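K.L.:
just to be clear, the model below is a prediction. Sequence and coordinates:
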Amino acid sequence: MHNLSRLPRPLCSWQRSPNPGHSRSHGFPLTYRPSLPLGHRQPRNPIAPHGNPHPLGKSHGVFSYRHLAAHPMHGGFVLRSLGLAPAATDPAPGNDSVDVTYRFGSTQGGLRDPHHGVEFLNSFGTPVVAAGEGVVVVAGSDRDPISPPGDWPILFYGPYANFYGNLVVIEHSPPAALFALYPDLPTPLYTLYGHLSEVLVQVGQTVQAGQLIGRVGMSGVATGNHLHFEVRLGENTYKAAHNPELWLAPHTDAQGQPTGALAGRFLNTYQVSLEIEEIVLEYLPQGPEGESAFEIALRTYEEKALLGRPPFWESFGVGDLPAGLYRLTFPLNGLRREWITIYPGQITVVTFRK
C-alpha cells in the first residue's frame, strides 16, 4: 500500500512519458494573464518542496486552508496499482494523464457542454481497467432510458440517449474511516467509463482494482478515441458527477514522491459560492520571490449545479501538482494573490472569502 490511496488511474498503463498530458506554454511573463487558455501549463522543473506544513484548519480571516492526507482520508480504499501490463496483442500502454484542455466543469471556452468527467486521450483498443474494487452495475449501451416507461422526465445515464455509447459503471463501497472525516459524504461511490469500443464485463460481476473491463473507443458522442471517466457520489446519475482529479491516485514527480491536489472555493458575505472566470496558479519551487516553473489557467466550474458540494465543497480543483509553494492569483475585491503549499499525497483545501 502506498501512502496515497485515492482511486488508481483507470487505464492499463505501466509506462508514462516524462511530461505527459500537459500542453506547453510559450514564455508567458510572471504576471497575471487572464488570456491564458484554460489548463495551459508550462513544463515543470521539479525541485524540492518549499516551506513547512501548516496546521490543519489554519485561518487568515478571508483565507482558510487545510491539508487532507489522502491515505487516512480514504482509509485504504484502493491500491495505487495502475493495473495490468498489456498483452502482446494489445496496443502500446495507455496514457493515464488527464486532458488538461477539457477539465471537469469546463467548456473549452464555451465550445462544449460543461464537462462532468475527465478525458484520457488514447488510441482505439487501449485496455481500460477498473479504478477500484467494486460491483459492475452497468455494462453495455446507454441508448435506452433508465427511467420507468411513462415517467417524466425521461432519464438516461448521460444528458440524453447514446451520450456515452458503450459504458461500464462500477459501484464502490468507501470504508468507515472515510465517514469519520466526512459524515455527510454521499454514498455509494461510482466510477463510469464511457465511449468504449468493447465492454468486457457483465452486470453483477465483482471486479478488482486493475482488472480489465473494456477497451478505448469513440462510441456515443465522442469525436475521437479516448476514455471518458467520471466519479459519481450518492447516485448513479449525470448530476451526481464530481471532479475525478480529486479522487485519482497521483503520479510521482522526478524525485519519486507523489504529487498533490488542490480544491478551492470563493464565497461572498452570505457564504454563497462565487464564479471566478480567471484564476492563475503558479508553481514557485525557488520560493515566493523566485520564478515560476509553470502556470495553470483555471476557472470555477461553469455549471452552477457543480459548485460547493460535499465532501470538499469546492468550486475548482486540480490534481497532479508537484509538492511545494504556489501562488494563486484571481480577481476578488480587486486583484488578489495568495500563497499556498501543496504536500505530497495530500489534498489542500482552500476557501477565499469576499
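P.N.:
Great, that's in hand.
K.L.:
tell me if I am right that T348 is in a strand.
P.N.:
Yes. Judged by DSSP: H, G, I helix; E, B strand; the rest coil, T348 forms part of a strand.
K.L.:
and for it, the neighbour number?
P.N.:
20 (other C-beta atoms under 10 Å). Where C-beta positions appear, they are placed from N, C-alpha and C, glycine not excepted.
K.L.:
next one: E314
P.N.:
For E314, the neighbour count with other C-beta under 10 Å is 26.
K.L.:
so it, which state does it fall into?
P.N.:
Look at E314: counting by three-state DSSP, its state is coil.
K.L.:
just the helices in the stretch 51-200 of the chain please.
P.N.:
Taking DSSP state H, counting those that start in this stretch as the criterion, the stretch 51-200 of the chain contains helices spanning 70-74, 176-181.
K.L.:
comparing those helices, which gets the lowest mean pLDDT score?
P.N.:
For the helices of the stretch 51-200 of the chain, mean pLDDT drops lowest on helix 70-74, to a mean of 37.
K.L.:
show me what contacts the spatially most distant residue from the centre of the chain?
P.N.:
Ranked by distance from the centre of the chain (C-alpha atoms, centre = their mean), the top residue is G150, with 36.1 Å. Contact partners of G150, counting by C-beta atoms under 8 Å, 6 or more residues apart in numbering, are absent.
K.L.:
for it, give me the backbone phi and psi.
P.N.:
Note on G150: backbone dihedrals following degrees, to the nearest 10 are phi 90, psi -20.
K.L.:
and it, what's its pLDDT?
P.N.:
Model confidence at G150, given as pLDDT, is 90.
K.L.:
kindly provide the distance from V136 to V207.
P.N.:
Using C-beta to C-beta, to the nearest Å, one obtains 6 Å as the distance from V136 to V207.
K.L.:
domain assignment for this protein?
P.N.:
Taking automatic domain parsing as the domain assignment, the record places the domains of the chain at 1-6+17-78+252-354, 81-246.
K.L.:
spatially, which residue comes closest to E282, not counting chain neighbours?
P.N.:
The spatial neighbour of E282 that comes closest, neighbours along the chain excluded (C-beta to C-beta, 6 or more residues apart in numbering), is S292 at 3.9 Å.
K.L.:
pretty sure that neighbour is in a strand, no?
P.N.:
No. Looking at S292 with three-state DSSP, it is coil, so not inside a strand.
K.L.:
where in the protein is the helix or strand with the lowest mean pLDDT?
P.N.:
Per-element confidence for the chain was summarised using mean pLDDT, DSSP states H and E. The lowest value among helices and strands belongs to helix 70-74, with a mean of 37.
K.L.:
gap between the spatially most central residue of the chain and G287?
P.N.:
With distances taken as C-alpha atoms, centre = their mean, the chain has E245 as the residue nearest its mean C-alpha position (1.5 Å). E245 sits 26 Å away from G287, going by C-beta to C-beta.
K.L.:
R337 too?
P.N.:
R337 sits 15 Å away from G287, going by C-beta to C-beta.
K.L.:
swap in F120?
P.N.:
On the measure of C-beta to C-beta, F120 and G287 end up 34 Å apart.
K.L.:
who has more neighbours, these two?
P.N.:
With other C-beta under 10 Å as the criterion, F120 and G287 differ in neighbour count, and F120 comes out ahead with 24 against 12.
K.L.:
what's the burial count for the closest residue to that one other than its chain neighbours?
P.N.:
Using C-beta to C-beta, 6+ apart and skipping the chain neighbours, the partner closest in space to F120 is L227 (4.4 Å). Other residues near L227 number 27, with proximity taken as other C-beta under 10 Å.
K.L.:
mean confidence score for the helix or strand hosting L227?
P.N.:
Here L227 is covered by strand 226-233, with elements defined by DSSP states H and E. In this model, strand 226-233 carries a mean pLDDT of 96.
K.L.:
sheet partners, orientation included, of the helix or strand following that strand?
P.N.:
Counting by DSSP H and E, the element after strand 226-233 in chain order, helix or strand, is strand 241-242. For strand 241-242, the paired strands and their directions (DSSP bridges) read strand 226-233 (antiparallel).
K.L.:
okay, now the unreliable bits of the stretch 1-150 of the chain?
P.N.:
Using pLDDT under 70 as the threshold, the predicted model of the stretch 1-150 of the chain has low-confidence ranges 1-93.
K.L.:
let me fix that, I meant to ask about the stretch 201-350 of the chain.
P.N.:
Across the stretch 201-350 of the chain, nothing is flagged by pLDDT under 70.
K.L.:
how about the strands in it?
P.N.:
When secondary structure is read from DSSP state E, counting those that start in this stretch, the stretch 201-350 of the chain shows strands at 206-207, 212-216, 226-233, 241-242, 260-267, 279-283, 294-298, 316-321, 324-331, 335-342, 346-353.
K.L.:
closest one to R112 among those?
P.N.:
Across these, R112 has its closest neighbour in strand 226-233 (12.2 Å, C-beta to C-beta).
K.L.:
average pLDDT for the strand ranked longest in the chain?
P.N.:
The strand spanning the most residues in the chain, taking DSSP state E as the definition, is strand 189-199. Across strand 189-199, the average pLDDT comes to 96.
K.L.:
that'll do, ta.
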